[in-house]
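Asks: Based on what follows, work out the 3D shape:
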Amino acid sequence: MRRQSPTAVYLGLELILSAAFAVSFTVTAVYFVKTVHLDPLQLVLAGTAMEATIFVCEIPTGVLADTYGRRASLVLGWAISGAAMVLVGTVPHVAAVLAGFALWGFGYTFTSGAYEAWITDEVGAARVTHVFVRGTRMGYAGALAGIGLSVSLAAWLGLGTTVAIGGGLVILCAAYAALAMPETGFRPTGEERPGWRDSLQTARRGGRLVRGHPLLLMMMAITLFAGMSSESFDRLWQAHFIRDVGLPSFFSLDDVYWFGLFEVGSMVIGLVASTVLVRRFRDRPPVALARMLLVVTVVQLAAAILFGIAGGVAFALSTYWLYRLTRGLVHPLYMGWLNRNIDDSSVRATVISMEGQADAVGQTAGGPVLGAIGNAWGIPAALLAGAAVLAPAILLYGRATRHDGLEPELEELPATAPV
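Replies: Just a heads-up that it's a prediction; the model follows:
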């Protein structure tokens, strides 16, 4: 297969990967609750196993991506993650779930940092926020297709098989990336045949860059609190609907159909919002990204609190959709903001991996505590505790908007750039 343009490959991967992950994750929580019979603590511990692996492996794999190449790292990571999903779906046992999520986290570390670094170096830091937001739109479209396929497969083949099929699709994405992904912007660090000394030097340079950049340090702290906060919501929202709020009784639909419909609504709302976002941030300076992140995170905190105290389906669903919308908007804005502040592209994947490790630290530290709160006082208490942890991130965003490092103007994109 002939190498394609980087933007086309990135958008295509966002579409296919989002569909593949939606096939698995639309039914994963229902599979865990109804087939594997995990309790709230075990649900959170599955995520903790993943995040602990990410914590250990995130920076080393980011260094490898900067030293040996981003495409190879991405192909390996997606192959491992897909295999992990196959394991989880085919072995309905607590130990298999924990092992599978740990393996998924290991595979994820090869893609975290490398993916964003690859597309940034291919299209340029000034344009990459626009590409990230376009990718988010493609991700929503892919997820919509994946949700429909997931619900159909679950009804036909069962929950576990559906999770495994999603993993198989991720493996196919790895094969596509190996054949189609260009890598013209990458300049390896070290010698022509780099060794462990080059990898160590790359790690040191990345660390020095972060330590010497106050705004990057602040961004790492924001990520830590955001990761800690998200763990309770990500692992418990479906259990909250099943055990506390309840699901609609009309039409006699199975739980998996209702969660599929919830996800469809979330994707449609996100697709519309991201379309507006593409136009709004085409010609804005980096400080606009930080200000928008502040506003979005405040709304996210409010939505998390309201979802935790929701007693009716309609109210819980509306606050769930609001939370998912804000979470979806944060990623492209944050990645664009982060990449604008990494002035050494040779350690870009390493620095982004440090951000990923901060997220893993937050989730690993917060997950067991929040899960224990859920076991002791109920899922709503764990959700509210997770929401409270987001407050320090809001304070840091407020400080970041006044930081001098945000003032350089963003290069204008052509007025006719596609959306």
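
Asks: for the stretch 251-400 of the chain, which spans come out with low pLDDT?
Replies: Scanning the stretch 251-400 of the chain for pLDDT under 70 picks out 251, 277-286, 344.

Asks: change it to 90
Replies: 251-268, 270-293, 310-313, 327-379, 397-400 (pLDDT under 90).

Asks: what ranges do the helices span in it?
Replies: Ranges of helices within the stretch 251-400 of the chain are 255-280, 286-309, 313-340, 348-377, 379-388, 391-400, based on DSSP state H, counting those that start in this stretch.

Asks: Could I get the buried residue list for the third one?
Replies: Neighbour-count burial for helix 313-340 flags 316-330, 332-340 (criterion: 16 or more other CB atoms under 10 Å). Where C-beta positions appear, they are placed from N, C-alpha and C, glycine not excepted.

Asks: How far off centre is it?
Replies: The chain centroid and the centroid of helix 313-340 are separated by 11 Å under CA atoms, centre = their mean, to the nearest Å.

Asks: Use 27 as the first number from now on
Replies: Yep, numbering from 27; the last one is helix 339-366 now.

Asks: Run through the neighbouring helices and strands of that helix.
Replies: Applying 3 or more CB pairs under 8 Å, 6 or more residues apart in numbering; DSSP states H and E, one finds that helix 339-366 contacts helix 140-149, helix 151-183, helix 240-266, helix 281-306, helix 312-335, helix 374-403.

Asks: can you tell which of those helices is closest to Thr116?
Replies: Proximity to Thr116 (CB to CB) singles out helix 151-183 among the helices and strands packed on helix 339-366, at 11.9 Å.

Asks: what's the angle between that closest one and helix 374-403?
Replies: Angle, helix 151-183 to helix 374-403, by axes from the mean of the first three to the mean of the last three CA atoms, to 10 degrees: 50 degrees.

Asks: Just want the most central residue of this structure.
Replies: His357 (7.3 Å; CA atoms, centre = their mean).

Asks: How about the contacts made by that one?
Replies: 158, 162 (CB atoms under 8 Å, 6 or more residues apart in numbering).

Asks: and if you look at Val154?
Replies: 142, 145-146, 361-362, 365.

Asks: Out of the residues you listed, which two sit at the greatest distance?
Replies: It's Ile145 and Gly362 that sit farthest apart of those, by CB to CB, at 11.0 Å.

Asks: Identify the contacts common to those two.
Replies: With contacts taken as CB under 8 Å, 6+ apart, the residues that reach both Ile145 and Gly362 are 154, 158.

Asks: What count of nearby residues applies to Trp182?
Replies: Neighbour count for Trp182, taken as other CB atoms under 10 Å: 9.

Asks: thinking again about what came up before, with distance to Met111 added, can I get the helices and strands packed on helix 339-366 in JSON lines?
Replies: Shown next, in JSON lines, are the helices and strands packed on helix 339-366 (distance: least, CB to CB, whole Å):
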{"stretch": "helix 140-149", "distance to Met111": "18"}
{"stretch": "helix 151-183", "distance to Met111": "12"}
{"stretch": "helix 240-266", "distance to Met111": "16"}
{"stretch": "helix 281-306", "distance to Met111": "17"}
{"stretch": "helix 312-335", "distance to Met111": "27"}
{"stretch": "helix 374-403", "distance to Met111": "19"}
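
Asks: And the ones you listed: which comes nearest Pro418?
Replies: Of all the helices and strands packed on helix 339-366, helix 240-266 sits nearest to Pro418, with 4.8 Å by CB to CB.

Asks: what's that closest one packed up against?
Replies: helix 32-57, helix 66-94, helix 222-237, helix 312-335, helix 339-366, helix 374-403, helix 405-414, helix 417-426.

Asks: Just send those helices back as CSV, with distance to Leu205 too.
Replies: Converted to CSV, these look like this (distance: least, CB to CB, whole Å):
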stretch, distance to Leu205
helix 32-57, 10
helix 66-94, 19
helix 222-237, 27
helix 312-335, 34
helix 339-366, 25
helix 374-403, 22
helix 405-414, 41
helix 417-426, 40
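
Asks: and of those, who's closest to Gly168?
Replies: That would be helix 32-57 among these, by CB to CB, at 3.4 Å.

Asks: For the closest one, buried residues please.
Replies: Per 16+ other CB under 10 Å, helix 32-57 contains these buried residues: 32-33, 35-57.

Asks: Please apply the same query to stretch 174-186.
Replies: Result for stretch 174-186 [16+ other CB under 10 Å]: buried residues 174-177, 179-180, 184-186.

Asks: and that stretch, what's its mean pLDDT?
Replies: Averaged across stretch 174-186, the pLDDT comes to 90.

Asks: which other residues reach it?
Replies: Residues from elsewhere that reach stretch 174-186 (CB under 8 Å, 6+ apart): 45, 48-50, 52-53, 56-57, 60-61, 115-116, 118, 187-188, 191-192, 280, 282-283, 286, 290.

Asks: The same query, at a cut-off of 7 Å, please.
Replies: Outside stretch 174-186, the residues within contact range by CB atoms under 7 Å, 6 or more residues apart in numbering are 48-49, 52-53, 56-57, 61, 115-116, 118, 188, 191, 282-283, 286.

Asks: Which residues outside stretch 63-76 are in contact with it?
Replies: 58, 120, 123-124, 127-128, 130-131, 257, 260-262, 265, 389-390, 393-394, 396-398, 400-401, 405, 408.

Asks: Show me what counts as buried in it.
Replies: Going by 16+ other CB under 10 Å, stretch 63-76 has these buried residues: 64, 66-76.

Asks: Mind picking the two most distant members of those residues?
Replies: Using CB to CB, the pair of those lying farthest apart is Pro66 and Met76, separated by 16.6 Å.
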